[in-house]
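Participant: sequence and predicted model, in that order:
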Amino acid sequence: MVKICSRRSVEGSSLRRSSSGAGYAPVRDSRSAGEMVLGEDIVVGWLCTGLISPFWQSLVDKPTKSQWHRYDAYADRVRTITFNENSYIMRQRNTAITAELIDTLVNLHPQSAFCPPKLRKMDWMTTGTESSFAMVPFLCDTLEDLGVYLYAGTEVARELIEQVAGRTPGLKSLCLDLPSGLQNPLVLWLSKSPLLESLSLPANYQKTGMLRALGSLVNLKRLKLGYDVDSEDERTAQCPSFNPTPAFPRLETLEIGAPLDRLAQTFQTPEQFGQLKQVVLSSANPTPEWLLNLSTAVARRCLGVIAITLDLWFSDPSRTCRLSFQHIRPFLACHSLKILNFETSNPFSVDEQDLEDMAQAWPGIEELNLSPRPDEDMHRGGFPLRYLPIAAGLFPALKRLRIYLDPMGGGLEFDYKIIPSSEFQSLEVLDIGASSVPSNDPVALGFIIGALCKHEIRIVGEFESLERYSSETDLEWSKVQDVVTKLVKSKRTIHEDWTITRKPQTARF
C-alpha cells in the first residue's frame with residue numbers, strides 16, 4: 001500500500017471521486033487550504049504513488065498540461081511516502097509497480113521534476129525486483145528519513161544500493177533490512193551521507209570494516225546493530241571491538257545484540273561510550289556469570305545512562321537458568337537511571353532489600369520492567385503480591401510497572417483501608433504480563449491494587465491479545481480493572497470532601 005501524507009492532516013476529511021472522472025481529489029473542510037488532506041489513505045491502483053491520480057488508462061496518451069499542473073500541486077504538499085508491496089489492498093488490486101513505469105513518468109514530466117520537491121520521509125518495503133528499483137527516483141536531497149526493507153535477493157539489493165549512493169546527502173535517519181553480503185556498497189552509501197544521526201543496520205553487518213566506516217559519521221546519535229543468533233560466525237564476527245575507532249562523539253543511544261561475553265568486551269573500550277543515555281542489549285543463552293560481567297562493564301562506562309534494556313532469551317531450552325537482580329546489581333551505580341527494562345524467559349526474582357536498594361540508587365525511576373512475560377513452562381517465581389505496598393512507598397516517580405505476579409508468592413491480608421499509609425504517587429500503567437489473578441478473586445485483587453493507587457491506572461497484559469487465555473481470564477482481569485477504577489474515584493471524592501473549605505454562614509435572627 002502507498003500512503004501519501006501531508007505534514008498536517010485534517011480530522012474528518014475524506015476523498016471523493018472528482019467530477020471529471022480523472023481520479024480522486026481531497027475534500028476540503030472549513031479549514032484553510034494549507035491544511036487540506038492530501039489522501040492520507042490513498043491506495044494506488046496501477047500508478048506508483050497516488051501523487052498522480054489515474055488520469056489516463058495507459059501511457060500511450062501523454063498527460064495534458066492541466067493534469068501535470070494538478071500533479072505538481074499535489075506533489076508540492078507531500079512530505080511522506082509509504083510503499084508496502086505486501087499490503088492487503090495492494091494484493092487485492094493485483095497491481096504492479098515497475099521501474100519502467102516510473103522511468104516513463106519521469107521522462108514525461110515537463111520539468112523532469114517527478115519527485116515531490118518537499119519530500120522528507122519514505123518507507124519502502126518490497127519483495128519484487130521491479131518494485132525495488134521503482135523507489136530510486138524518489139531518493140532525493142530533501143529526504144531526511146528513509147526506511148528500506150528489501151527481500152528480493154542479494155544481487156537485486158546490491159545493484160540497488162550501488163545506484164542509491166550519493167542520492168541522499170541530506171539523510172538524518174536510515175533504517176535498513178537487507179540481505180547479507182552488501183558491506184562494500186553499503187559503506188559507500190554511508191560515506192556519502194555525512195549528516196546521519198540515526199542508523200539501524202540488519203544482522204550480519206557487525207564487521208570491522210563496517211564499524212570503521214561508521215567512524216566517519218560524526219553526527220551519529222543513535223546506532224542499532226542487528227543480531228542473528230543462528231549465524232555461523234556468531235562467536236567470532238558479531239560485535240567486534242569498537243577500539244580504537246570509531247569514536248562516536250555524539251552517540252546517545254546504542255542498541256546492539258551479541259553473545260554476552262562479547263557485549264562485555266565492547267563496553268571495556270575507552271571513554272567513547274561515556275556519554276550514552278540509552279543502552280539496549282540483546283543476547284541468547286545467557287549465564288549468570290556473563291550477565292554480571294556485562295552489567296559491571298556497562299555500569300563502569302555509562303554512569304550517566306538514563307535507560308537500560310536487556311533482552312535475554314534461551315534458544316536451547318536445556319540451557320535455561322535462573323537470573324535475578326543480583327546479576328544486574330552493578331547498575332545501582334547509575335544514579336540517573338529512569339528506565340530499566342529486563343526481559344527474559346524466566347520470571348525475574350527480587351526481594352525486599354533489592355527494592356529498597358533500587359529506590360535509594362534510582363530516586364527518579366519512572367519505568368520498571370521485571371520480565372512480566374516468561375515462557376509458558378517457566379511460570380514459577382516472579383514478583384510476590386505482598387511487595388506491591390512496599391513498591392508503592394519506595395517509588396514516588398514510578399509511572400509504569402511491569403511485573404509477573406508470583407503464583408506461589410502468597411496473598412495479601414487486606415485491611416479494607418482504602419487510603420493506606422503508602423500509595424503509588426505517579427503510576428499510570430500496571431503491566432501484569434502473563435500473570436493470572438491470584439486465588440481467582442478479582443474483586444479482592446482490585447481492592448488491593450486500587451487502595452495503593454493515588455490516580456486512575458490502566459492494567460494491561462497478555463490477556464488482551466493471546467488466544468491461549470480463556471474468556472474467563474479476560475473477564476477476571478476486566479473485573480480487577482473495574483474495581484480499581486471505581487475505588488480510585490471513590491478515594492478522590494473522599495479527598496475532595498475533606499479538603500473543601502466551606503464558607504461560614506451568618507446566623508440570622
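Facilitator: Received it, and whenever you're ready, just let me know what you need. Because the structure is a prediction, the values reported are computed rather than measured.

Participant: alpha carbons only for contacts and neighbour counts from here, please
Facilitator: Fine.

Participant: quick one: average pLDDT of stretch 402-416?
Facilitator: Model confidence over stretch 402-416 averages 73 on the pLDDT scale.

Participant: for Tyr171, which non-adjacent residue is closest in space?
Facilitator: Careful, residue 171 is Leu and not Tyr. Nearest residue to Leu171 in three dimensions, chain neighbours excluded: Glu144, at 4.1 Å (Cα to Cα, 6 or more residues apart in numbering).

Participant: my read: that neighbour touches Arg167, true?
Facilitator: No - in this structure Glu144 lies outside contact range of Arg167 using Cα atoms under 8 Å: 11.6 Å.

Participant: Thr104: neighbouring residues, count only.
Facilitator: Residues lying near Thr104 (other Cα atoms under 10 Å) number 11.

Participant: that one: which element?
Facilitator: In the assignment (DSSP states H and E), Thr104 maps to helix 99-108.

Participant: and after that helix, which helix or strand comes next?
Facilitator: Moving toward the C-terminus from helix 99-108, the first helix or strand encountered (DSSP H and E) is strand 121-126.

Participant: who touches that following strand?
Facilitator: The set of residues that contact strand 121-126 without belonging to it, under Cα atoms under 8 Å, 6 or more residues apart in numbering, is 79-86, 132, 135, 143-152.

Participant: pull stretch 189-206 out as CSV, backbone CA atoms only.
Facilitator: Written as CSV, here are the backbone C-alpha positions of stretch 189-206 (Å, rounded to 0.1, in the frame of the first residue of the first chain):
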residue,chain,number,x,y,z
TRP,A,189,26.4,4.9,0.6
LEU,A,190,27.1,5.7,4.3
SER,A,191,30.3,7.6,3.4
LYS,A,192,28.1,9.9,1.2
SER,A,193,25.5,10.5,4.0
PRO,A,194,27.5,12.6,6.4
LEU,A,195,24.5,14.1,8.2
LEU,A,196,23.2,10.8,9.6
GLU,A,197,22.1,11.0,13.2
SER,A,198,20.2,7.6,13.4
LEU,A,199,21.3,4.4,11.8
SER,A,200,19.8,0.9,12.0
LEU,A,201,21.7,-2.0,10.3
PRO,A,202,20.4,-5.6,10.0
ALA,A,203,22.1,-8.7,11.3
ASN,A,204,25.5,-9.8,9.8
TYR,A,205,26.8,-6.3,9.5
GLN,A,206,28.8,-6.2,12.7
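
Participant: ok so Val279 is a strand residue?
Facilitator: Yes - counting by DSSP: H, G, I helix; E, B strand; the rest coil, one finds Val279 located in a strand.

Participant: report the beta-bridge partners for it.
Facilitator: Counting by DSSP bridges, Val279 is bridged to Leu254, Ile308.

Participant: contacting residues for it?
Facilitator: With contact taken as Cα under 8 Å, 6+ apart, Val279 is in contact with Thr253, Leu254, Glu255, Val305, Ala307, Ile308, Thr309.

Participant: thinking again about what came up before, if you look at the contacts of strand 121-126, which of them are in strands?
Facilitator: Cross-referencing these against strands under DSSP state E gives Arg79, Thr80, Ile81, Thr82, Phe83, Asn84, Asp145, Leu146, Gly147, Val148, Tyr149, Leu150.
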